[in-house]
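[1] What would the 3D arrangement of this be:
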Amino acid sequence: MTSPTLAPAAAVKGPGFPEFVALIAMMMALNALAIDSMLPALPAIGDALGVVSENSRQWVITAYLLGFGVTQIIYGPLADRFGRKPVLMVGLGLYVLFSVLAAFSPTFELLIAARVGTGVGAAALRVLAVSIVRDRYSGRTMARVMSLSFLVFLGVPILAPTLGQAILTVAPWPWVFGVLALGGAAFATWAAIRLPETLHPEDRMPIQVGRIASAFRQALTNRQSIGYTLAITAISGALFGFINSSQQIFFDVFHEPQLFTVVFALVAGGIAVASLLNARLVERLGSRLISHTALLGFIAMSSIHAAVALTGHETIWTFAVLQALTMFCFGFIAGNFGSMAMEPMGHIAGTASSAQGFISTTFGASLGFLIGQQFNGSAAPMTIGFVSLGLTALVCVLFAERGRLFKARNLSPVLAPS
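    Numbers count the residues shown, from 1 in each chain. Prediction:
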């Protein structure tokens, strides 16, 4: 087995490879749990807090994603200045605090504000997860770590709606948010004990407007970095569109609310299986060959699904199978695109991660919300959104690779492994 390749500045003592992957995975999992566990609770939340429009309930998801996306731009410079661990602990504190506030919110407006706050705290987890991995690993090994972490992260969506439904059978909806607070507190304890500081003192950078602006400019003008960041944004928009629309599709289109958690798990399972396969294949085949092929598959499956929906042949089982196959392709895309976007940014990993996360999450959430708001009693708007965003991602990849797919053009020593 190939041993993990350390980045040049990564001689850091700490947990072994399996525990390190588990720590990174749980950072990601807390984010997924905050999104998906409450999907079954949206009708109960709407009824309890007087939300008349069913589409308005989507704000419970989108408010979190916007808070999560916008503040990532802050955490990177802070992490590059003060180190990864202090910033991580602050983010976890906010995650726990605002999850508790959401649980006790008496109005929908206060709940939405608390959800924004929870997202603000979770943003630190996203930025720090990528930065800490980049501190310790590079190249295909980084892609492997991200893919293995992404597997656990994607295992959460398989179980999270079922967890939310299980909570609702024994307790009222505020306990869905209470479980988030408990999970955040438990992980904070684990990280405080076991996660070392991965940023070397000599690599810390002062918070200077000129330096930060220069780092952001590098992240946003490097062709590979910005191209893959925009591609992730488009693909993320499709994912968020599915999350925003899924509960209404199962409840209002198929009238099968009891199958919601089962089919949602099937769809999320497609991503998880692909991520596991990607972790095994990426070091041998390379990020580009795998992710570019998967993107073409994503577009093809989305197009077939859109044709089925538009011609009136959609059933709950065609939806489940076609959506699972589409998300299977997604599982080969996300981790690889992320690692390729970060690959040229090792010297400014925290700031670059902030810039990339800000763009992909904020604009991805906005695209997903736009798709969700088009819900009209059928799955057609969602499937059309998938096709459109898949094609947009392809254009972005072609830009990043100067029109060439599957293999990098003009490989440099740093980029050659991908």
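[2] Would you mark the buried spots in stretch 90-98?
    Using 16 or more other Cβ atoms under 10 Å as the burial criterion, the residues of stretch 90-98 that qualify are 91-92, 94-98. No exception for glycine: its C-beta is placed from N, CA and C like everyone else's.
[3] mind listing which of the residues you listed are in strands?
    Residues of the buried residues of stretch 90-98 located in strands (DSSP state E): none.
[4] Rebuild these as TSV, extending it with distance to residue 174.
    Listed next are the buried residues of stretch 90-98 as TSV, based on distance: Cβ to Cβ, whole Å:
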residue	distance to residue 174
91	23
92	21
94	19
95	16
96	15
97	15
98	13
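[5] Next, check those against the helices and list the overlap.
    Applying DSSP state H to the buried residues of stretch 90-98, the entries found in helices are 91-92, 94-98.
[6] Which of these sits closest to residue 107?
    Of all these, residue 107 sits closest to residue 98, with 15.2 Å by Cβ to Cβ.
[7] my read: the closest one touches residue 122, true?
    No. Counting by Cβ atoms under 8 Å, residue 98 does not reach residue 122; the two are 9.3 Å apart.
[8] and the gap between the nearest residue to residue 251 once chain neighbours are set aside and residue 158?
    Using Cβ to Cβ, 6 or more residues apart in numbering and skipping the chain neighbours, the partner closest in space to residue 251 is residue 257 (4.9 Å). Using Cβ to Cβ, to the nearest Å, residue 257 is found at 18 Å from residue 158.
[9] more crowded one of these two?
    residue 158 (20 against 14; other Cβ atoms under 10 Å).
[10] wait, is the more buried one part of a helix?
    Yes. Inclusion of residue 158 in a helix is indicated when DSSP: H, G, I helix; E, B strand; the rest coil is applied.
[11] Could I get the contacting residues of it?
    Residues in contact with residue 158 (Cβ atoms under 8 Å, 6 or more residues apart in numbering) are 264-265, 268-269, 272.
[12] Distance check, the residue nearest to residue 251 against residue 17.
    For residue 257, the distance to residue 17 (Cβ to Cβ) stands at 42 Å.
[13] hang on, the earlier thing: was I right to think the residue nearest to residue 251 contacts residue 249?
    No. Counting by Cβ under 8 Å, residue 249 is not a contact partner of residue 257; they are 10.7 Å apart.
[14] Just the mean pLDDT for stretch 371-378, thanks.
    On average, the pLDDT along stretch 371-378 is 86.
[15] Kindly apply the preceding question to stretch 215-230 instead.
    On average, the pLDDT along stretch 215-230 is 84.
[16] what does it contact?
    By Cβ under 8 Å, 6+ apart, the residues outside stretch 215-230 that reach it are 77, 337-338, 340-345, 348, 351-352, 355-356, 359-360, 393, 396-397, 399-402, 415.
[17] Select only the buried ones of the residues you listed in PyMOL?
    To isolate the buried ones among these in PyMOL, judged by 16+ other Cβ under 10 Å, type:
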select buried, resi 77+337+338+340+341+342+343+344+345+348+351+352+355+356+359+360+393+396+397+399+400+401+415
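[18] Mind checking which of the contacts of stretch 215-230 are in strands?
    With strands identified by DSSP E, none of the entries of the contacts of stretch 215-230 belong to them.
[19] just checking, which of the contacts of stretch 215-230 belong to helices?
    Judged by DSSP H, the subset of the contacts of stretch 215-230 located in helices is 77, 337-338, 340-342, 351-352, 355-356, 359-360, 393, 396-397, 399-400.
[20] Show me how far whichever helix or strand residue 102 is part of is from its chain's centre.
    Secondary structure from DSSP states H and E places residue 102 in helix 84-103. Using Cα atoms, centre = their mean, to the nearest Å, we find the averaged C-alpha position of helix 84-103 to lie 18 Å away from the chain's own average C-alpha position.
[21] So which elements touch it?
    The criterion is 3 or more Cβ pairs under 8 Å, 6 or more residues apart in numbering; DSSP states H and E, and the helices and strands that helix 84-103 contacts are helix 17-36, helix 72-82, helix 108-136, helix 174-194.
[22] Give me the below-cutoff pLDDT ranges for the stretch 301-418 of the chain.
    346-350, 408-418 (pLDDT under 70).
[23] picking up where we left off before, of all the ones in helices among the buried residues of stretch 90-98, which comes closest to residue 178?
    Within these, distances to residue 178 taken as Cβ to Cβ reach their minimum at residue 96, with 10.5 Å.
[24] Give me the distance between the closest one and residue 102.
    As judged by Cβ to Cβ, residue 96 and residue 102 stand 11 Å apart.
[25] next one: residue 230
    Distance from residue 230 to residue 102, counting by Cβ to Cβ: 32 Å.
[26] Who has more neighbours out of the two?
    Higher neighbour count among residue 230 and residue 102: residue 102, with 28 against 23, using other Cβ under 10 Å.
[27] State the mean pLDDT of the helix holding residue 102.
    The average of the pLDDT scores along helix 84-103 is 94.
[28] chain center to stretch 247-267, what's the gap?
    On Cα atoms, centre = their mean, the centre of stretch 247-267 falls 22 Å from that of its chain.
[29] buried residues in it?
    Result for stretch 247-267 [16+ other Cβ under 10 Å]: buried residues 247-251, 253-254, 260-261, 263-267.
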